[in-house]
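Student: requesting a structural model of the entry that follows:
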Amino acid sequence: LFCQNLSLFAKLFLDNKSVFFDVTGFTYFLLVYTPPAPPPTGPPDDPSQPAVDTSDEKPVRPHIVGFFSKEKMSWDNNNLACILVFPPWQRKGLGALLMGVSYEISRREGVLGGPEKPISDLGRKGYRRFWGGEIARWLLGIGGIARAFDSSEETLVDVGDCSRGTWIALDDCLATLREMGLLQDAGAGPGKKPEVSRAAAGDDGDEAMEDVGDVGEPEPVPDVPRVRLDKEAVRGWIAANGISLERPGHVEFAFKVGTLFRNSPHPVSHIYERCGHASMHVLGLTNAGDDVVLDPFLISAVTASGCRVPQITCAKATSIQVILYDRPLPSKMQYISLRPISLALGDNAPSAEEVESELEHERLENRQKEQKRKLVEKLKQHIIVKRSPSLKEKALPKIISQVNWAYELERLLQKNVSRIGTRPKRALSVSERVAEHAETMRNYVWDLVVLYLFPVIQWGFVYMLMGHRAVAEVLLRILEWRARPHYAALKDISATAQQVEIRLQQFCYWPIQYRTLRQRKDNWESITTSHPDYIRFYNSLWLVANDVIIGIALGSYIIDNGEWVAGTIAQLLQTYTVEALRRSISWLMGYPAGLKLNRELALFLGDLFLWVIEYWSGCIVITQKMLPHVVWFVGFSSFAGASMPIAVVSDLLSLLTVHIHCFYMASARIFHWQLTILISLFHLFRGKKHNILRNRIDSCDYDLDQLLVGTILFTVLFFLLPTVVVFYLNFAVARMVIISLKAVLDTLLSCLNHFPLFALMLRVKDPGRLPGGIRYELRNTVDVRSHLQTSSQTPTSVIYLKPIPLTFGAMFYQYFQMGNRIRKHYLSPRVLFSLLTGQFVPPINRRNLYSLQYSMLPNQRPTIREMWNAVTAPSPGAKKPLPFIVNGRRYPSGPGGGGRARYH
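Tutor: The predicted model follows:
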């Protein structure tokens, strides 16, 4: 009786309904809506609240939304006889839902059919829309996801394939394709060859397919009418009709069962771990039709041509913020970061050697900075108003991770989107089997080469590399050896030794870096922890390559012009280290600039310095005979890089000007002694003295003879002071010039060893690979509403998330730090006071000055054992050796063909 009432009720809305009472031969399927239960009016467990009487409340009753009937035994393969959605629920996509259920039943029964004919006007309209969506989904999925986005590639299919793929009757497919208006006449051509399936071949199907080529000439395929269908036109038809190809329920189920994550190259748990969620869910639909019913909590996005901003609507939202961003491409190592990328290693804390080499004022400055930092931390604990971060601020790092994973995750989902729903399967054709066997044979031969020949070459290279590593360890121990713990090592004295040590350190660290970068391929490309290592590694390789290229050109020039270079160097040495000093000292022995100096003292000091210069001139003449050999050595050292001859020249400059350094030390010591004596005698003249214990000036009673002798000595030393001062200034200026030249050479070494060349190239070519932060740009929403012509009253703001590339100041931060360190050392008031008082100005420690050259290297270099473990560690995705048989024996031996085979 209930089914009869349903049929009679359907007659009110259907034109061709003829069966009302004989319902025994039909099966009825009902679509029922059960409203949610009302929330409780009060907490039942709270004794303070009055009891709520729920006896008068009406129970929740389900409502019938619609139904369809189906013949239990249909000779015409009809999967639907009558369908009706009740008027209050129409135009909500429920009719398409019932049609999909009927075709799903046909799929499971294995019956290809359609609705009972004739169809009413409203039913025909609904079915045309449903069939069009199913056919469009099948057409866009032909050939897999690679072809679904390549409209230029043509695939030959027939309507029968479309019918079998969509389970829509052949006549219905033809009629729907004609009504879609997407077909273009392509003339006549051969149709598809008939395929012989394994089921049709029977038990002897393999032998039958192997003997197909021996039967005779294949039967010609007759020409059939052809039409061409463009996938872009299919997408346009979908957009014009507002059809959504996604099914939220199907996609949500695919997320739960993992259908969309099949054939994942790496564990999906890494994605969830980085993005901060345990699973993925459907948030909504894009460009959904009017007949699609969405959950109130789902998001609906509508896009319009000419506008990149979608219109977002949500029934439960009171305000909407649309944040747009350009997806970074992990394949190009692009990513977004809240913090600027670090081009230096993070483990470069001051070592014990650096701490010991610091001067007293540097240690005092570091202690003051540490005290200020602790004081600031204590002040933060006593702040009264402290704003706690909001939930959005706490979630921002996870959101940035999700943005970085968007492209790679979308590519994985697109690859598996065709797995949603059932798909027909067929056996491979003969040509496909031949191609498969050929590819398998090629892969087998290639595996033999890779798994047996390549390991021999690889292990030979590994042993050679470890031999060089042992030699490098010996050389590094020599360069780092100290006679006493507080003595300087050879690398701290010589620029050449330091350059050799840097190259050896890089050689020890490169295999570790390379292994780290190789492991990056064993995980998702969106994991960005190894990107700084990638930049540091290739930046050092580029710098070494450029250094060698420049060095080869420089060395070739020096070797080809060795005699001229040696003569020029000899002339420069004779002119500036001998003759120039002679002229300046002779000038000071007279009346320099009209100054009246003490002639006897000037002659004494001048003769002393001239005697040393004469002796040094003889040494220079002896070394001039060795200059061609020295130039030849410098030229050949250039083949190790341009930094090597620069370091050698820096050491030669220090060695060939050692007499100027000695003159400066002697004159500074004399001037300092004399100035100290003058200050002490001045205190005596005033009746004062310096209290060493309390470090202050106290009054003192001197005898008359003490005052008289002190006054006489003060007068004599004061009149001798100008003579000592001019000699001191002469050699101090010469010493400063030499320090400046060495600073220029050391700056060139720093540029050749640490210049961020690779980072600058990335900054110009692809700034997305050097993130320096993010920023938000608020866009005007008036233009967006005019494009979309929406009447939505939900307040909407459009924000554009843009990454900030790394600034040039951050790239050259190490150089700024080096310049600041030089300025603090040589241009500080302490150094100026030392120069004015004749105190020795110590050169800045080479390790501290050029610490930026070590910023690309770890604080502790990898040991030989660590390097061996790195180069011999097996790859996670390595293949096992393939067993093969020679003379009846299995190689490699052992269970499973394993034996002593190594895995690489």
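
Student: hey, let's count contacts and neighbours off CA atoms from now on
Tutor: OK.

Student: can you pull the pLDDT of His659?
Tutor: His659 is assigned 90 on the pLDDT scale.

Student: likewise for Asp607?
Tutor: 90.

Student: and it, how many neighbours does it have?
Tutor: 15 (other Cα atoms under 10 Å).

Student: so how far is Ile527 from it?
Tutor: Look at Asp607 and Ile527: by Cα to Cα, to the nearest Å, they are 72 Å apart.

Student: with Lys316 instead?
Tutor: 35 Å.

Student: same thing with Arg515?
Tutor: 16 Å.

Student: now do Leu475
Tutor: Between Leu475 and Ile527 the computed distance is 38 Å (Cα to Cα).

Student: Thr259 now?
Tutor: Thr259 is 23 Å from Ile527, where distance means Cα to Cα.

Student: how about Thr24?
Tutor: Thr24 is 62 Å from Ile527, by Cα to Cα.

Student: the two: which has the busier surroundings?
Tutor: The neighbour comparison of Thr24 against Ile527 (other Cα under 10 Å) goes to Ile527, with 18 against 10.

Student: tell me if the more buried one really is in a helix.
Tutor: No: looking at Ile527 with DSSP: H, G, I helix; E, B strand; the rest coil, it is coil, so not inside a helix.

Student: just the pLDDT for Leu801.
Tutor: 90.

Student: ignore what I typed, I meant Ile384.
Tutor: Taking Ile384 on its own, its pLDDT is 63.

Student: contact partners for the residue lying closest to Leu597 once chain neighbours are set aside?
Tutor: Excluding the flanking residues, the one nearest Leu597 by Cα to Cα, 6 or more residues apart in numbering is Thr723, at 5.5 Å. Thr723 makes contacts with 597-598, 601-602, as judged by Cα atoms under 8 Å, 6 or more residues apart in numbering.

Student: of those residues, which is the most crowded?
Tutor: That'd be Ala602 among the contacts of Thr723, by other Cα under 10 Å, with 22 neighbours.

Student: grab the nearest non-local neighbour of that residue.
Tutor: Met589 (5.1 Å).

Student: got the contact list for the one you found?
Tutor: Contacts of Met589 by Cα under 8 Å, 6+ apart are 599, 602-603, 606.

Student: could you pull up phi and psi at Arg308?
Tutor: With angles defined as degrees, to the nearest 10, Arg308 sits at phi -90, psi -10.

Student: any buried residues in stretch 92-104, and which?
Tutor: Neighbour counts over stretch 92-104 (16 or more other Cα atoms under 10 Å) mark 92-96, 98-99, 101-104 as buried.

Student: ditto for stretch 106-118
Tutor: 106-107, 112-116.

Student: inside helices: which ones of the residues you listed?
Tutor: Using DSSP state H, 106-107 are the members of the buried residues of stretch 106-118 that sit in helices.

Student: switch the buried residues of stretch 106-118 over to JSON lines; also include pLDDT and distance to Ile558.
Tutor: As requested, those are exported to JSON lines (pLDDT from 0 to 100; distance: Cα to Cα, whole Å):
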{"residue": "Ser106", "pLDDT": "84", "distance to Ile558": "87"}
{"residue": "Arg107", "pLDDT": "82", "distance to Ile558": "83"}
{"residue": "Leu112", "pLDDT": "84", "distance to Ile558": "86"}
{"residue": "Gly113", "pLDDT": "83", "distance to Ile558": "89"}
{"residue": "Gly114", "pLDDT": "85", "distance to Ile558": "89"}
{"residue": "Pro115", "pLDDT": "88", "distance to Ile558": "92"}
{"residue": "Glu116", "pLDDT": "83", "distance to Ile558": "95"}
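
Student: turn the buried residues of stretch 106-118 into a markdown table, including distance to Gln706.
Tutor: Listed next are the buried residues of stretch 106-118 as a markdown table, based on distance: Cα to Cα, whole Å:
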| residue | distance to Gln706 |
| --- | --- |
| Ser106 | 126 |
| Arg107 | 123 |
| Leu112 | 129 |
| Gly113 | 130 |
| Gly114 | 130 |
| Pro115 | 131 |
| Glu116 | 135 |
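
Student: between which two of the buried residues of stretch 106-118 is the distance greatest?
Tutor: Arg107 and Glu116 (16.9 Å; Cα to Cα).

Student: just to revisit the earlier point, from the buried residues of stretch 106-118, which is closest to His683?
Tutor: Arg107 (112.7 Å).

Student: so that closest one sits against Trp167, correct?
Tutor: Yes: the pair Arg107 / Trp167 is scored as a contact, 6.9 Å apart, by Cα atoms under 8 Å.

Student: any idea which element Arg469 lies in?
Tutor: helix 454-479 (DSSP states H and E).

Student: quick one: list the elements packing against that helix.
Tutor: helix 490-493, helix 495-520, helix 864-872 (3 or more Cα pairs under 8 Å, 6 or more residues apart in numbering; DSSP states H and E).

Student: tell me how far that helix lies from the chain's centre.
Tutor: 31 Å (Cα atoms, centre = their mean, to the nearest Å).

Student: tell me what angle it forms with helix 864-872.
Tutor: Put simply, helix 454-479 runs at 160 degrees to helix 864-872, going by axes from the mean of the first three to the mean of the last three Cα atoms, to 10 degrees.

Student: could you give the mean pLDDT of helix 454-479?
Tutor: According to the model, helix 454-479 has a mean pLDDT of 86.

Student: mind listing what's buried along stretch 859-879?
Tutor: 862, 867-868, 870-872.

Student: as a markdown table, those residues with pLDDT and distance to Tyr702 would be great.
Tutor: Below are the buried residues of stretch 859-879 laid out as a markdown table (pLDDT from 0 to 100; distance: Cα to Cα, whole Å):
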| residue | pLDDT | distance to Tyr702 |
| --- | --- | --- |
| Pro862 | 82 | 67 |
| Met867 | 84 | 74 |
| Trp868 | 86 | 77 |
| Ala870 | 80 | 77 |
| Val871 | 80 | 79 |
| Thr872 | 82 | 82 |
